[in-house]
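Enquirer: sharing a model prediction with you, sequence too.
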Amino acid sequence: MRAATAGGRGGAISIEQTEADAPAARPAERAALDPAEFLRAIRDFAAAELNGDIVRRDREALFERARWDACARMGILGLPISSA
């Protein structure tokens, strides 16, 4: 089991994860995917799961726990992002 804690405007968030509920797409599995296909899957996920009421949430600097959980299930928490 591993745990991560992050402080934020709404207080601390703690996520505990076991092997049974770990994301299916581990880094080695993601590396085997076609990059364009992986990017398309992430965009589709974000449009479907993260965009609801985005203007209000952005104004209030709010990202609900359910959205963090959805990102975890998708396997994108901690995903490295290029600065370019």
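Expert: Received the coordinates, thanks.

Enquirer: alpha carbons only for contacts and neighbour counts from here, please
Expert: OK.

Enquirer: now for the helix or strand containing residue 58, which elements pack on it?
Expert: Per DSSP states H and E, residue 58 falls inside helix 54-59. Applying 3 or more C-alpha pairs under 8 Å, 6 or more residues apart in numbering; DSSP states H and E, we find helix 54-59 packed against no helix or strand.

Enquirer: how about that helix as PDB, C-alpha atoms only?
Expert: C-alpha atoms of helix 54-59 as PDB (Å, rounded to 0.1, in the frame of the first residue of the first chain):
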ATOM      1  CA  ILE A  54     -15.000  24.100 -15.500                       C
ATOM      2  CA  VAL A  55     -15.500  27.900 -15.500                       C
ATOM      3  CA  ARG A  56     -16.900  28.000 -11.900                       C
ATOM      4  CA  ARG A  57     -14.300  25.500 -10.600                       C
ATOM      5  CA  ASP A  58     -11.500  27.400 -12.200                       C
ATOM      6  CA  ARG A  59     -12.700  30.700 -10.700                       C
END
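
Enquirer: what does it contact?
Expert: Identification of contacts with helix 54-59 by C-alpha atoms under 8 Å, 6 or more residues apart in numbering yields residue 63.

Enquirer: kindly list the longest helix within the chain.
Expert: Assignment by DSSP state H gives helix 35-49 as the longest helix of the chain.

Enquirer: flag every buried residue along that helix.
Expert: In terms of neighbour count (16 or more other C-alpha atoms under 10 Å), helix 35-49 has its buried residues at 42, 46.

Enquirer: alright, calling it a day.
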